[in-house]
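[1] I'd like to go over a predicted model; first the sequence, then the structure.
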Amino acid sequence: MARIKFANENKEITAESAITIAQAARLAGVVTDTPCGGMGICGKCKVRITRPDGKERIVLACQTTVKDDIIVYTQGNNDDNKLNVLTDGLKHNTKPDSRITKRYDESEDKTYVYADGIELCAEAHDTSRMIYGIAIDIGTTTLVVSLVDLITGAMLDTASALNPQARYAQDIISRISYASDAQGLETLHTAVINKINDLTSQIAARNQIDPSNIYETVFCGNTTVLHIAAKVNPKTLGFYPFEPALATPAYLPARAINLKISPIASVYLPPCISSYIGADITAGILSAQLHKSEGRILFVDIGTNGEMVFSDHGRMLAASTAAGPAFEGMTIEFGMRAEPGAIDYFKIDDAGNQTIRVIGNQKAIGICGSGLIDIAGELVRHKIVDANGKFDSAKAGDRLIAPNGKPAYRLTPDIYLTQKDIRQVQLAKAAIRAGIELLLHSAKLSAESIDAVLIAGAFGYHLREESLINIGLLPGTVRGKVRFIGNTSISGGRAFLINKACRAEMEQQVKDVTVLELSARPDFQDVFVDQLAF
């Protein structure tokens, strides 16, 4: 047996030897990030440990076995209040027409609650003006909860947080693997539902609303996170033919998944387009009205997965590609989330002077996704990084350094971008660009035919057109046509919430979307390799 003390959190447990520090942390209720699922490849669970002999060292919590008594000093924080999360997106004119209605009977002094005209319950006194719902964007990395008045359609408040599932598994594939057994599914399901309950409680209290007057919830997210939120094992999404076990659209009793709102409340899961194109993209189609577009519109949601829809005058083709976690700051030497201390903007002028913006206007401690794309884009534009992704020592000058014997570009005295980081950007951007090229090829159109590019997602909103074109994620022919439309998963979710007709409309529309299964295409690998170059 060994005593393991977590000094920063003032917690201590006694556990069997051979347990990892990460496992001990979970037993102690201490948060450590293991976004690679404990594979030891992301480097984000570093902790400092002190042994009884006084020796200290930095180790990976997921890979280090406890052999004797130790003191653990965790690094970083998971303060949701410091996250820079976008909580809104493009909206179209949706008139309130909720499936939840009420009728007050003055003679009985009771209010009757109905869903689609079917009586659900009676409440004491007049509560006829108290009809609320919550729209929830369950992102791979973040959560957004929006409180909505179902009578007026007004968005009353929002709250956001890190998706706690990311501590256990960062990307979708590792999340499927983690949740494929009963214990893993319980861990991930409980983590996300507890956080949703926390956020709901916060915004209800701020607006002096009783959670028992919240009668409906809409979950928008990718197919995997919807499985986990509904407590349905997602393992069938991990092997061919990648069939979902959860059929959408669907309604669930809120109490069945332990949501702390009205006991008669329901959860609506909008239709997913395919196993890897989820309800968040359906919500995006609704928000952007792609099915009614009169031009050729490319919709791209950039994140750990890259989902894209091409609408040719309303005829839609869709695809999904695994971009990996680089754009979320993972697998990057100094990568971090969009929170204070993160470089989120980078520019080099013609004289070679650097402009760096840091969230919170403080000393830089890392690089978030938007900063990473800016940096890569500027290095490519100034030919400091060549088309193959290698540093040009002559153009980099004294900013080219060699920490640990490997080439890197110095951004600040403490922060640099490594050659390996550049490779991660190449892999991520090539995956998305290959998907775009194959969508256009299937539509028998060229990039010149695109009338507009809509970049969706909380992460995408903070990007710059110039940087996306510089690294080759978007073709140069769309310059001046790019629009950043924000978190359409949450804005589309609110439309589903306040207007029941939107549900029927999109349930029909997704049936007409042609899905390209990129992994099954023999030409995908060739196109992907072609797009690796800057």
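    Here it is on my side, so go on.
[2] Val47: neighbour count?
    Using other C-beta atoms under 10 Å, the number of residues around Val47 comes to 24. C-beta: built from backbone N, CA, C; applies to glycine.
[3] what sits against it?
    Listed by C-beta atoms under 8 Å, 6 or more residues apart in numbering, the contact partners of Val47 are 21, 32, 58-61, 72-75.
[4] which residues in the protein form helices?
    Using DSSP state H, the helices of the chain run over 21-28, 172-178, 182-206, 223-229, 279-288, 369-381, 393-396, 419-442, 465-470, 488-498, 500-509, 524-530.
[5] export the ones you listed as a markdown table, with columns for mean neighbour count.
    Compiled in a markdown table, the helices of the chain are given as follows (neighbours: other C-beta atoms under 10 Å):
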| stretch | mean neighbour count |
| --- | --- |
| helix 21-28 | 20 |
| helix 172-178 | 21 |
| helix 182-206 | 17 |
| helix 223-229 | 26 |
| helix 279-288 | 29 |
| helix 369-381 | 26 |
| helix 393-396 | 13 |
| helix 419-442 | 22 |
| helix 465-470 | 20 |
| helix 488-498 | 30 |
| helix 500-509 | 16 |
| helix 524-530 | 15 |
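[6] just to revisit the earlier point, which PyMOL command selects the buried ones in the contacts of Val47?
    Selection command for PyMOL covering only the buried members of those, criterion 16 or more other C-beta atoms under 10 Å:
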select buried, resi 21+32+59+60+61+72+74
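[7] strands - which of the contacts of Val47 land there?
    Counted as lying in strands by DSSP state E, out of the contacts of Val47, are 58-60, 72-74.
[8] now, which of those sits nearest Ser160?
    Thr74 (23.0 Å; C-beta to C-beta).
[9] quick one, what contacts that closest one?
    Counted by C-beta under 8 Å, 6+ apart, Thr74 has contacts 6, 8-9, 25, 30-32, 47.
[10] before we move on, what about Val72?
    4-7, 21, 24-25, 47-49, 61.
[11] closest to Asp526 out of those residues?
    Ala61 (40.1 Å).
[12] pLDDT score for Thr217?
    On pLDDT, Thr217 comes in at 98.
[13] neighbours of Ala452, how many?
    Neighbours of Ala452 using other C-beta under 10 Å come to 16.
[14] state the pLDDT value of it.
    98.
[15] how about Asp530?
    Per the predicted model, pLDDT is 96 at Asp530.
[16] on that earlier part again, so which of the ones in strands among the contacts of Val47 comes closest to Glu517?
    Minimum distance to Glu517 across these is 35.6 Å, recorded for Leu60 (C-beta to C-beta).
[17] how far out from the middle of the chain is stretch 305-315?
    19 Å (C-alpha atoms, centre = their mean, to the nearest Å).
[18] what residues sit buried inside that stretch?
    Going by neighbour count (16+ other C-beta under 10 Å), the buried part of stretch 305-315 is 305-312.
[19] then stretch 291-307?
    Neighbour-count burial for stretch 291-307 [16+ other C-beta under 10 Å]: 291, 293, 296-307.
[20] next: stretch 402-413.
    Those would be 407-411, for stretch 402-413 by 16+ other C-beta under 10 Å.
[21] low-scoring stretches of this structure, by residue?
    31, 33-39, 41-43, 75-87, 460-461 (pLDDT under 70).
[22] I figured Glu243 hits Ser275, correct?
    Yes - using C-beta atoms under 8 Å as the test, Glu243 is close enough to Ser275 to be in contact (6.8 Å).
[23] domain-wise, how is the protein divided?
    2-76, 133-281 (automatic domain parsing).
[24] just put the ones you listed in TSV and tack on distance to Ser393.
    Formatted as TSV, the domains of the chain follow (distance: least, C-beta to C-beta, whole Å):
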stretch	distance to Ser393
domain 2-76	26
domain 133-281	33
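[25] deepest-packed of the ones you listed, please.
    Mean neighbour count (mean count of other C-beta atoms under 10 Å) peaks for domain 133-281 among the domains of the chain, with a mean of 21.
[26] hmm, back to that, Val529: which of the ones in strands among the contacts of Val47 is nearest?
    Closest approach between the ones in strands among the contacts of Val47 and Val529, by C-beta to C-beta: Leu60, at 31.9 Å.
[27] right, and the domains of the chain - which one's nearest Ile332?
    Of the domains of the chain, nearest to Ile332 by C-beta to C-beta is domain 2-76, at 9.5 Å.
[28] thinking again about what came up before, just the contacts of Thr74 now: which is nearest Ala182?
    Using C-beta to C-beta, the contacts of Thr74 come closest to Ala182 at Ala25, 21.6 Å.
[29] quick check: closest non-adjacent residue to the closest one.
    In space, Ala25 comes closest to Thr32 once its chain neighbours are excluded; the distance is 4.6 Å by C-beta to C-beta, 6 or more residues apart in numbering.
[30] and Asp105, by the same measure?
    In space, Asp105 is closest to Tyr112, 6.7 Å off (C-beta to C-beta, 6+ apart).
[31] quickly list what the one you found is bridged to.
    Arg103, Ala122 (DSSP bridges).
[32] residue contacts, it?
    102-105, 119, 121-123.
[33] hmm, try it at 10 Å
    101-105, 119-123, 127-128 (C-beta atoms under 10 Å, 6 or more residues apart in numbering).
[34] over to Phe299?
    281, 284-285, 287-288, 290, 293, 307-311, 316, 318, 452-456, 485, 488.
[35] for Cys220, same thing?
    Per C-beta under 10 Å, 6+ apart, neighbours of Cys220: 135-139, 144, 226, 268-270, 278-284, 286, 487-494, 496-497.
[36] how about Leu199?
    Taking C-beta under 10 Å, 6+ apart, one finds 80, 134, 136, 143-147, 158-161 in contact with Leu199.
[37] what do you get for Arg494?
    By C-beta under 10 Å, 6+ apart, the neighbours of Arg494 are 88-89, 91, 94, 133-135, 137, 146-148, 153-155, 158, 218, 220, 283, 287, 502.
[38] how does it look with 6 Å?
    135, 146, 148 (C-beta atoms under 6 Å, 6 or more residues apart in numbering).
[39] what do you get for Leu454?
    Listed by C-beta under 6 Å, 6+ apart, the contact set of Leu454 reads 288, 299, 483, 485.
[40] ok, for it, nearest residue in space, not its chain neighbours?
    Nearest non-adjacent residue to Leu454 (C-beta to C-beta, 6+ apart): Phe299, at 4.7 Å.
[41] again with Ala24
    Ala24 sits nearest to Ile4 (C-beta to C-beta, 6+ apart), 4.7 Å away.
[42] what's across from the one you found in the sheet?
    Beta-bridge pairing of Ile4 under DSSP bridges involves Ile13, Ile70.
[43] from the contacts of Leu454, pick the one nearest Ala533.
    Among those, and counting by C-beta to C-beta, the member closest to Ala533 is Phe299, at 25.2 Å.
[44] quickly note the distance from that closest one to Asp280.
    12 Å (C-beta to C-beta, to the nearest Å).
[45] any idea how far Ile332 lies from Ala408?
    Ile332 is 12 Å from Ala408, by C-beta to C-beta.
[46] before we move on, back to that, which of the contacts of Arg494 fall in strands?
    Checking those against DSSP E, those in strands are 135, 146, 148.
[47] what is the nearest of the residues you listed to Arg381?
    Using C-beta to C-beta, those come closest to Arg381 at Ser146, 37.9 Å.
[48] so what's the closest one up against?
    Ser146 neighbours (C-beta under 6 Å, 6+ apart): 135, 155, 158, 490, 494.
[49] so which residue of this protein lies furthest out from the middle?
    Within the chain, the residue lying farthest from the chain centre (C-alpha atoms, centre = their mean) is Ser107, at 49.9 Å.
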